[in-house]
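Prediction below, plus the sequence it came from.
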Amino acid sequence: MKSLAMYSYLNCISCDYINDKTNTFMKALTILSTLIITISSCNCQKKATETAMATDLEKMKTIPSENKETGVTHQTIPVLVYESMSRGYFKKITIENTIITVQNSRDEDPKTKTLTTEEITAIEKAYNNIDVKELPNLKAPTEKRFYDGAPITNLEVRMSDHIYRSSDFDGGTPPVKIEDLVNTILKIADKIK
């Protein structure tokens, strides 16, 4: 009888030992599988982001401009994006190829219009007067945006190999070096209702 009790006692201890080892193994397996799932989902997100960025780069084409003498179309202006926002205000203007897209509210669907030859010429003229590499270094002439006195505004120039973004400036008061281009874009966009 004593040996049976001893056998039962040893059997329970070994079961506890096996259960502890099994629990430790299961914990390690759970942690490992969670880690693998997390890493693989991050990798999928990374691939999706890279794909989206590649697609965006493909879209960054320039506006075709026709030479009236030769009839040859060439591209001289990259994609231009003007964005202005504050609490309760939003305006985004995108010029891509010969299309201008205007969105006047976050809740509104964008409106599009095909640019006329005169509008393209005006944009080209204003664009050719700026140095896109200097956009990030431009100093805003006023600082009303810091206390909600004006919307925060910027201008992006998207080229096939790089995106140049201006420093933020007050809506209605762009830096002098891009003032003509910004005002030309706004003038054309105001015609879209």
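Structure's in. What do you need? As the structure is a prediction and not an experimental result, all values here were calculated from the model.

how much space between residue 121 and residue 185?
According to Cβ to Cβ, to the nearest Å, residue 121 and residue 185 sit 14 Å apart. C-beta coordinates here come from the backbone N, C-alpha and C atoms, glycine included.

Which one of the two is surrounded by more residues?
Neighbour totals were compared for residue 121 and residue 185, and residue 185 leads with 26 against 13 (other Cβ atoms under 10 Å).

Quick check: beta-bridge partners of residue 156?
Under the criterion DSSP bridges, residue 156 forms beta bridges with residue 81, residue 165.

Quick check: the gap between it and residue 132.
Distance, residue 156 to residue 132, using Cβ to Cβ: 10 Å.

Mind listing the shared neighbours of those two?
residue 164 (Cβ atoms under 8 Å, 6 or more residues apart in numbering).

Which residue ranges of the chain form strands?
Here the chain has its strands, by DSSP state E, at 63-66, 73-77, 79-86, 89-96, 99-103, 111-114, 152-158, 163-165, 169-170.

Which elements pack onto the last one?
Meaning strand 169-170. When contacts are defined as 3 or more Cβ pairs under 8 Å, 6 or more residues apart in numbering; DSSP states H and E, strand 169-170 packs onto strand 152-158.

Please put the alpha-carbon coordinates of stretch 124-136 into CSV.
In CSV, the C-alpha atoms belonging to stretch 124-136 read as follows (Å, rounded to 0.1, in the frame of the first residue of the first chain):
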residue,chain,number,x,y,z
GLU,A,124,4.2,77.6,-67.8
LYS,A,125,5.3,81.2,-67.8
ALA,A,126,4.8,81.5,-64.0
TYR,A,127,6.4,78.1,-63.4
ASN,A,128,9.5,78.9,-65.4
ASN,A,129,10.2,81.8,-63.1
ILE,A,130,10.8,79.6,-60.0
ASP,A,131,13.6,77.4,-58.9
VAL,A,132,11.8,74.3,-57.5
LYS,A,133,14.9,73.3,-55.5
GLU,A,134,14.5,76.4,-53.4
LEU,A,135,10.9,75.7,-52.5
PRO,A,136,11.6,74.2,-49.1
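
Run through who's touching it.
Under Cβ under 8 Å, 6+ apart, the answer for stretch 124-136 is 63, 65, 76-78, 80, 155, 157, 159, 164-167, 177-178, 180-181, 183-184.

again, 6 Å this time
65, 76-77, 157, 164, 166-167, 178, 180-181, 184 (Cβ atoms under 6 Å, 6 or more residues apart in numbering).

Where does confidence bottom out across these?
Within the contacts of stretch 124-136, pLDDT reaches its minimum at residue 65, with 47.

Look up phi and psi at residue 131.
phi -110, psi 100 (degrees, to the nearest 10).

any idea how far it is from residue 123?
Counting by Cβ to Cβ, the gap from residue 131 to residue 123 is 16 Å.

Those two: which is more packed in?
Using other Cβ under 10 Å as the criterion, residue 131 and residue 123 rank with residue 123 on top: 22 against 11.

Which of the contacts of stretch 124-136 sits closest to residue 149?
Nearest to residue 149 out of those is residue 167 (Cβ to Cβ; 17.4 Å).
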